[in-house]
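Enquirer: just coords:
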C-alpha cells in the first residue's frame with residue numbers, strides 16, 4: 001500500500017538529475033484513460049479532478065519522482081528525528097519490542113529507530129522502488145539484522161498473528177484506498193498482528209482542518225530547472241481530497257501529470273473505525289510541526305493527528321482437557337451518577353481501572369468472562385444468567401448506591417447464582433463500624449476508644465482527650481473522612497461534627513481515639529473450611545506527607561488525584577517482629593470467620609501511642625483495583641494482578657466445588 005506518502009507532492013534530494021529519472025518513462029506507450037497519465041502527457045485544463053483519478057494510483061506513484069517532489073519533508077532528517085521522538089513518547093515502545101512500520105516508504109523511521117538501539121524492526125511497503133532503497137540505506141548504515149524491509153500490502157501484510165508489540169502507520173500513509181472498507185481491512189489486519197494490548201500508532205492528516213483549509217492551487221520550484229504545479233479539490237462526496245500534480249522543466253515543459261487522493265478522517269470518525277476493528281483506549285497526542293527545506297507548500301502535512309490505540313485483549317487459550325468456567329463479572333454502572341466518586345460520576349481513572357481489570361482477567365487460565373454493568377437491566381439479566389460463577393465486583397452498590405452494596409449478593413442469592421465474596425449479611429454487618437468494633441472487642445481484639453452519637457442526639461458525652469477523629473458510622477470508601485476529621489480541640493470537634501450532621505442527616509456518627517502509630521493492612525484469601533492464607537502485611541508510609549497534615553487514609557487519598565494524600569503517601573511491606581505479625585494475622589483470621597467473610601478480605605490496624613495495635617476497620621469485599629492495597633500485598637510475594645484475581649476465583653470455585 002502506498003508509501004509513507006506525505007501527500008503534498010514535494011522534495012528535493014538530487015539522487016540523480018530529474019530528467020534522467022524520467023527518460024525511460026517518456027519512451028513508453030500512452031496509457032488508456034483511467035490509468036496514471038503518461039509522463040509528458042498534457043491534459044491541459046480539466047474541470048473534474050476526480051474523473052481522472054486512477055483507482056489504484058498508489059500502486060505506481062511512489063518512486064524516485066515521489067522522493068524528488070516530496071523530499072523537502074520526507075527526506076528531512078530533522079523531521080524524522082522529531083517524529084520518532086513523538087512516537088516513543090506516545091507509545092512507550094522499548095528497544096526489545098517487535099515493531100512494524102507499515103507503509104514504511106524509504107525506511108527513514110525504521111532506520112532512525114535502529115540507530116537508537118531498537119533491534120526487532122520490520123518495514124513493509126507496496127513500492128518495490130522504495131523498499132529496495134530502504135534496504136540499500138540500511139546496509140550503508142551497517143544495521144545488519146536489526147531491520148528487515150519487504151514488499152507488502154497493508155490490507156494483508158503477512159505478519160504472524162499476535163507477533164507485534166507496536167505497528168506504526170506514519171506520514172499520512174492511511175486512507176489511500178477508494179473504499180473505506182479497505183481502510184477498515186488495514187485496521188483489522190493490524191489488530192490481528194498485534195499482541196494482546198499492543199499499540200497501533202496512526203500519523204494522519206487532520207481531515208476536518210484540511211477540508212476547510214486546503215489550497216486549491218499552488219506551485220513551487222523543486223530545483224533550479226524544475227517546478228511543480230498543484231490543483232486540489234474535494235471529491236463529490238467530500239470524503240477525499242483529490243490532488244493533481246504537474247511537474248515541469250523550464251526547457252522541456254510538462255514532464256509528469258499525475259493524480260492522487262487521501263480520505264479525510266476526523267478524530268471522531270477514525271476513532272469509530274478503530275473501535276469497530278476492536279481497538280480501545282484511543283488517545284490523541286501532541287503532533288510535531290512539519291518542517292520543509294523549501295519552506296513552501298506543506299499540503300496534507302500542514303495539520304496532522306498523532307493517535308494511539310490499544311489492540312484487543314485476547315483470552316488465554318484453554319488447554320486441551322481443561323474445563324472452562326463461564327464467569328459473569330458484575331460491576332458498577334458507569335451510566336449512572338455515583339456520589340462517592342470525584343464529581344459524582346465515573347471518571348477517566350475509573351475507566352482505566354476497569355480496563356486494567358479486564359486485561360488481567362483475560363490472562364487467567366480456565367475462565368471465560370462476560371461483563372454486566374447495566375443496572376437498569378441487572379435483575380432481568382441475572383434471572384437468565386447461565387454462568388457457573390458470578391465475580392461480584394460491584395462495590396459501588398446496586399444502582400451505584402453504596403448503602404445498597406448488599407443488595408447485589410441478595411439478588412444473586414434470589415436467583416441461586418454462585419458468586420465470589422461476602423454475602424448480604426456480612427456486608428450489612430461490616431457496613432456498621434460500631435457493630436464491627438463490638439464484634440472485635442467480644443473476641444478480644446483491641447479496638448480504639450469510641451463514642452457513638454445517634455442522629456439528633458444533643459446530650460452525647462463527647463471525649464475530652466485529643467486528638468480525636470470523627471467519621472460516619474455507616475459506609476466505606478472513606479466517605480466523610482477528610483483531613484479535617486482529625487480534631488485537636490473541642491471547637492474543631494463541634495465544627496466538624498456539625499458538618500457531618502448536615503452531610504449525613506439521620507445517620508449516626510462516631511468520635512474515636514485518633515491512633516498515631518504505624519498503620520497496617522492484612523489481606524486474607526481463602527475460606528475457613530478450605531483454609532485461610534494471609535498476604536504479606538502492608539504498612540502505610542507517611543514519611544513524605546506534609547507534616548502539617550494529619551496522617552490518615554481519608555477521602556482525598558482515594559478519590560482526589562491532585563491531593564498530597566494521593567501523591568505523597570506510599571506503601572511498603574511491613575517490617576515488624578514475627579510475634580507482632582502473627583498477632584495481627586491472627587486477629588484478621590478471627591474476624592474473617594466471625595463476620596462471615598468469604599474468598600477474600602482486608603483488615604486495617606493501627607498502633608496507639610503506647611504501641612498497642614488496634615482494629616481500624618474490616619473490609620469483606622476489599623477494593624479490587626490494580627493499584628489498591630490488596631494487589632500491592634499480593635505483589636509483595638511476587639504475584640501479578642492476574643494471579644491475585646485467579647486466586648480469588650479459585651477460592652470461590654473450591655467453596656462451591658465447581659469442577660475445573
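Expert: Arrived safely, thanks for sending. As the structure is a prediction and not an experimental result, all values here were calculated from the model.
Enquirer: can you give me the strands for the stretch 351-500 of the chain?
Expert: Counting by DSSP state E, counting those that start in this stretch, the stretch 351-500 of the chain has strands at residues 367-372, 389-392, 450-453, 468-472, 486-487.
Enquirer: out of the ones you listed, which is closest to residue 631?
Expert: strand 389-392 (15.2 Å; CB to CB). The C-beta positions use only the backbone N, C-alpha and C, and glycine is treated the same way.
Enquirer: so what touches the closest one?
Expert: 325-330, 369, 382, 408-409, 412, 417-421, 621, 648-649, 652-653, 656, 658 (CB atoms under 8 Å, 6 or more residues apart in numbering).
Enquirer: format the strands of the stretch 351-500 of the chain as TSV; extra columns: distance to residue 431.
Expert: Converted to TSV, these look like this (distance: least, CB to CB, whole Å):
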stretch	distance to residue 431
strand 367-372	23
strand 389-392	15
strand 450-453	15
strand 468-472	10
strand 486-487	23
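Enquirer: middle-most residue in this structure, spatially?
Expert: residue 281 (4.7 Å; CA atoms, centre = their mean).
Enquirer: if we can go back for a sec, can you lay out the strands of the stretch 351-500 of the chain as JSON lines showing distance to residue 528 and mean pLDDT?
Expert: As requested, those are exported to JSON lines (distance: least, CB to CB, whole Å; pLDDT from 0 to 100):
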{"stretch": "strand 367-372", "distance to residue 528": "24", "mean pLDDT": "95"}
{"stretch": "strand 389-392", "distance to residue 528": "19", "mean pLDDT": "97"}
{"stretch": "strand 450-453", "distance to residue 528": "28", "mean pLDDT": "89"}
{"stretch": "strand 468-472", "distance to residue 528": "30", "mean pLDDT": "90"}
{"stretch": "strand 486-487", "distance to residue 528": "36", "mean pLDDT": "92"}
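Enquirer: what's the closest of the ones you listed to residue 349?
Expert: Proximity to residue 349, assessed across those by CB to CB, is greatest for strand 367-372 (18.6 Å).
Enquirer: which parts of that closest one are buried?
Expert: Residues 367-369, 371-372 are the ones in strand 367-372 that count as buried (16 or more other CB atoms under 10 Å).
Enquirer: tell me the one of those nearest residue 587?
Expert: Nearest to residue 587 among the buried residues of strand 367-372, with distances taken as CB to CB, is residue 367, at 32.3 Å.
Enquirer: kindly state the beta-bridge partners for the closest one.
Expert: Applying DSSP bridges to residue 367 gives these bridge partners: residue 325.
Enquirer: thought it was touching residue 329?
Expert: No: using CB atoms under 8 Å, residue 367 is not in contact with residue 329, being 9.9 Å away.
Enquirer: what sits in contact with each of those two?
Expert: residue 361.
Enquirer: about what we covered before: got CSV for the buried residues of strand 367-372, with distance to residue 455 too?
Expert: Listed next are the buried residues of strand 367-372 as CSV, based on distance: CB to CB, whole Å:
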residue, distance to residue 455
367, 45
368, 47
369, 43
371, 39
372, 36
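Enquirer: of those, just say which sits nearest to residue 255.
Expert: Among the buried residues of strand 367-372, residue 371 lies closest to residue 255 (CB to CB), at 60.6 Å.
Enquirer: doesn't residue 333 make contact with the closest one?
Expert: No: at 11.4 Å, residue 371 does not count as touching residue 333 under the criterion of CB under 8 Å.
Enquirer: this completes my enquiry, with thanks.
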